[in-house]
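Asks: pasted the sequence and its predicted model underneath.
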Amino acid sequence: MNIFVYSTHLKYTPHIETELELMQLHLNKGDNVFRFICNGDLSSCDMNQKHDLLTCLKCRDVRRCGSKLLDGKIINLPILKNQNINLSQQLNQCETVEDLKKIYYDNFDVGFAISSTMITMLRNPNFDLDSNKDIIKEYYKSTITLYLSTINYIKKHKPDRVYVFNGRFAHVRAVLRACEISGTEFVIHERGCNKDHYDLFINKLPHDKNYQIERMESAWLSDKHNLAEKEKIGSEFYITRKTGNPKDWPSFTNEQDASLLPKNFSRSKKNIVIFNSSMDEYASISEEWNYPFFENQEEFVEKLMDMFKDDPEYHFYLRVHPNLKGVNNSQTDRISKLSSNNLTVIPPDSKIGSYNILDHCDQVITFGSTMGIEAVYWKKPSILVSTSFYNEESVYLAKSYEQVCAYVKSDLLAKNNLGAIKYGYYHSVKGFSYKYFKADSLFRGKFKGVDVMDANSTFNTIIKKLYNIKFIGKPIAMYDALYKKYKFRLPF
């Protein structure tokens with residue numbers, strides 16, 4: 001078999017190590033492994049938006065370090081730069097992020113791809129296009145260049161499979177779309193259920209709702225564990241989260257006081273907690289993830305509060321996601337302006353325990369976050385107002401403000417939590433065990449006993465020498481001269 005691997009996001013463990021793992025497994029089978037690489041060819045990328053020389057060199061050296069650990073020969077394919085890329089007239093006419101999302105190149109949703117990267121990098125779902133126009137243009141050119149380059153290499157080498165990370169960012173989506181238009185199988189690699197596992201998604205994005213639900217049901221029907229074991233594993237998923245020890249991601253609640261409630265909390269009222277979400281990841285995937293009857297979460301809260309402004313027996317608590325701590329963007333700015341007698345906003349840095357308010361409230365409203373299905377497990381009525389990865393049979397799905405209002409005013413009973421247990425089980429067992437990578441934590445580990453992030457000795461040696469001769473403190477013009485002379489191909 002001919003296998004392609006697009007080498008990307010090399011600054012992040014375990015993604016570089018997963019890439020190495022997959023290449024080694026295919027080399028063991030005797031497959032031909034081609035690695036699609038960047039030698040400073042992309043004018044802007046997710047690892048190095050401003051094309052900083054030292055960042056570029058560091059990235060390349062991490063890649064070289066990993067390559068030396070592989071048993072077998074891989075073939076590196078540099079990005080083909082001789083593409084004539086003209087900026088889309090539509091790009092020049094964009095005024096909003098929504099305008100940007102509408103831009104296509106052939107059948108490639110390049111506008112969605114660029115938006116996804118920019119939203120993540122800027123932590124702002126409604127970033128200003130004008131102040132970022134230069135980097136957007138560079139992303140457009142580099143993304144289309146990569147898209148066309150991938151198509152050319154597919155035609156030449158006819159790979160049976162192409163591996164790519166995540167799939168939603170600008171450059172990785174370019175490779176994914178090139179595979180689709182060429183009829184080539186692509187496999188997306190991502191984190192698995194914990195630090196010791198990675199996951200693979202064949203011809204689907206990890207963000208594909210129906211695909212994830214199908215996998216969840218398939219896992220539940222498998223014979224990997226008996227029913228009692230499945231229920232125990234599924235339950236532990238929620239227990240570890242509530243105790244601040246999740247296996248798949250750092251806890252957002254460790255700094256909270258599990259005994260605290262808002263000072264104005266009154267048991268004489270009907271209390272509803274709204275758990276919002278940071279919008280970095282799902283704000284630019286596809287139209288499937290657009291909100292169904294409101295533009296954004298803040299608009300939803302504003303409208304809901306307006307509908308309940310004359311009902312003092314109801315009180316809402318907006319628990320702002322701790323991931324938004326320290327973030328200053330359009331979302332947090334609008335949250336800061338929310339005001340209603342029926343609403344208490346709990347800031348992202350508040351010590352008030354998220355699970356404590358979950359336990360004490362009568363109902364829960366979410367926009368598809370994990371807290372929506374966690375509420376189901378802890379036997380709370382859970383109202384969902386957007387797309388999610390869990391089965392809608394577990395929650396009360398609202399498709400209009402009127403339906404939300406009706407749910408809130410009724411005496412909802414918690415739904416059967418079997419769906420929640422299935423969800424917890426799936427997310428506790430999904431993925432494949434690493435053979436060559438040993439994780440020390442969620443973000444560090446060793447591939448074949450070597451930490452590739454620290455092992456780039458050549459690069460570090462050169463940097464130390466530059467410090468010793470006080471080169472680092474000299475004008476940036478010296479770096480520019482170095483770049484122009486060596487074209488990112490320094491002799492190491």
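Replies: Yep, it's here.
Asks: kindly provide the distance from residue 379 to residue 142.
Replies: According to C-beta to C-beta, to the nearest Å, residue 379 stands 50 Å off from residue 142. Placement of C-beta: from N, CA and C, glycine included.
Asks: comparing these two, which residue is more hemmed in?
Replies: residue 142 (24 against 13; other C-beta atoms under 10 Å).
Asks: name the nearest residue to that one, sequence neighbours excluded.
Replies: Spatial nearest neighbour of residue 142, excluding adjacent residues (C-beta to C-beta, 6 or more residues apart in numbering): residue 42 at 4.3 Å.
Asks: ok, the one you found - contacts?
Replies: The neighbours of residue 42, taking C-beta atoms under 8 Å, 6 or more residues apart in numbering as the test, are 79, 142, 145-146, 171.
Asks: what's the pLDDT at it?
Replies: Looking at residue 42, its pLDDT reads 86.
Asks: any idea which element it lies in?
Replies: For residue 42, there is no host helix or strand (DSSP states H and E).
Asks: got the contact list for residue 105?
Replies: Applying C-beta under 8 Å, 6+ apart, the residues contacting residue 105 are 88, 144, 147.
Asks: closest one of these to residue 438?
Replies: Proximity of those to residue 438 (C-beta to C-beta) peaks at residue 147, which lies at 35.5 Å.
Asks: in the helix or strand in which the closest one is found, what counts as buried?
Replies: For residue 147, the host element (DSSP H and E) is helix 133-157. Going by neighbour count (16 or more other C-beta atoms under 10 Å), the buried part of helix 133-157 is 135-151, 153-154.
Asks: quick check: what element follows it along the chain?
Replies: Immediately after helix 133-157, counting by DSSP H and E, sits strand 161-165.
Asks: need the contact partners of the helix or strand that that following strand is followed by.
Replies: Next helix or strand after strand 161-165 toward the C-terminus (DSSP H and E): helix 170-182. Contacts to helix 170-182, defined as C-beta under 8 Å, 6+ apart, come from residues 6, 8-9, 36, 42, 45-46, 106-110, 112-114, 116-117, 139, 142-144, 146-148, 150-151, 154-155, 162, 164-167, 185-186, 188, 205.
Asks: which secondary structure state does residue 273 sit in?
Replies: The three-state label given to residue 273 by DSSP: H, G, I helix; E, B strand; the rest coil is strand.
Asks: that one contacts residue 317, correct?
Replies: Yes: shown here, residue 273 and residue 317 form a contact pair, counting by C-beta atoms under 8 Å, at 4.7 Å.
Asks: common neighbours of these two, please.
Replies: 357, 361.
Asks: more neighbours, these two?
Replies: residue 273 (25 against 22).
Asks: so who does that one touch?
Replies: Counted by C-beta under 8 Å, 6+ apart, residue 273 has contacts 316-319, 357-358, 361, 363-365.
Asks: rerun at 6 Å
Replies: 317, 319, 357, 361, 364 (C-beta atoms under 6 Å, 6 or more residues apart in numbering).
Asks: mind putting these into TSV with distance to residue 24, secondary structure and pLDDT?
Replies: Below are the contacts of residue 273 laid out as TSV (distance: C-beta to C-beta, whole Å; DSSP: H, G, I helix; E, B strand; the rest coil; pLDDT from 0 to 100):
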residue	distance to residue 24	secondary structure	pLDDT
317	50	strand	98
319	44	strand	97
357	47	helix	97
361	49	coil	97
364	45	strand	98
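Asks: now, which of the residues you listed sits nearest residue 220?
Replies: residue 364 (23.6 Å).
Asks: residue 23 contacts residue 34, doesn't it?
Replies: No: look at residue 23 against residue 34 with C-beta atoms under 6 Å: they stay out of range, at 9.8 Å.
Asks: more neighbours: the two, which one.
Replies: The neighbour comparison of residue 23 against residue 34 (other C-beta under 10 Å) goes to residue 23, with 24 against 21.
Asks: any low-confidence regions in this structure?
Replies: 82-84, 281, 284, 455-492 (pLDDT under 70).
Asks: export the contacts of residue 42 to TSV and tack on distance to residue 309?
Replies: TSV is the format used below for the contacts of residue 42 (distance: C-beta to C-beta, whole Å):
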residue	distance to residue 309
79	56
142	49
145	53
146	51
171	47
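Asks: which residues are in contact with the helix holding residue 147?
Replies: 2, 42-44, 49, 77, 79-80, 83, 85, 91, 105, 108, 110, 114, 170-171, 174-175, 178, 182, 184.
Asks: likewise stretch 33-41?
Replies: Contacts for stretch 33-41 (C-beta under 6 Å, 6+ apart): 3-7, 23, 26-27, 56, 74-79, 81, 488.
Asks: what subset of those residues is buried?
Replies: Members of those classed as buried by 16+ other C-beta under 10 Å are 3-7, 23, 26-27, 56, 74, 77, 79.
Asks: for the stretch 201-350 of the chain, which segments count as helices?
Replies: 209-221, 227-242, 297-307, 330-336 (DSSP state H, counting those that start in this stretch).
Asks: so which of those helices comes closest to residue 445?
Replies: helix 227-242 (20.5 Å).
Asks: in that closest one, what's buried?
Replies: Neighbour-count burial for helix 227-242 [16+ other C-beta under 10 Å]: 230-231, 233-235, 237-238, 240-242.
Asks: stretch 343-362 too?
Replies: So, applying 16+ other C-beta under 10 Å, buried residues of stretch 343-362: 343-348, 350, 352-358, 361-362.
Asks: what lies in contact with that stretch?
Replies: Outside stretch 343-362, the residues touching it (C-beta under 6 Å, 6+ apart) are 242, 253, 256-258, 260, 262, 270-271, 273, 305, 316-320, 322, 324-325, 338.
Asks: first-to-last residue distance for that stretch?
Replies: 15 Å (C-alpha to C-alpha, to the nearest Å).
Asks: centre of the chain to that stretch, how far?
Replies: When C-alpha coordinates are averaged (C-alpha atoms, centre = their mean, to the nearest Å), stretch 343-362 and its chain have centres 25 Å apart.
Asks: residue 422 contacts residue 219, correct?
Replies: No: applying C-beta under 6 Å, one finds residue 422 not in contact with residue 219, separated by 8.0 Å.
Asks: out of these two, which sits in the more crowded spot?
Replies: Set side by side, residue 422 and residue 219 show more neighbours around residue 422, with 23 against 18, by other C-beta under 10 Å.
Asks: quick one: contacts for that one?
Replies: 216, 220.
Asks: any idea how far residue 227 is from it?
Replies: From residue 422 over to residue 227 (counting by C-beta to C-beta), the distance is 11 Å.
Asks: then residue 261?
Replies: 37 Å.
Asks: go on, residue 180?
Replies: Distance from residue 180 to residue 227, by C-beta to C-beta: 39 Å.
Asks: helix, strand, or coil at residue 87?
Replies: Applying three-state DSSP: residue 87 is coil.
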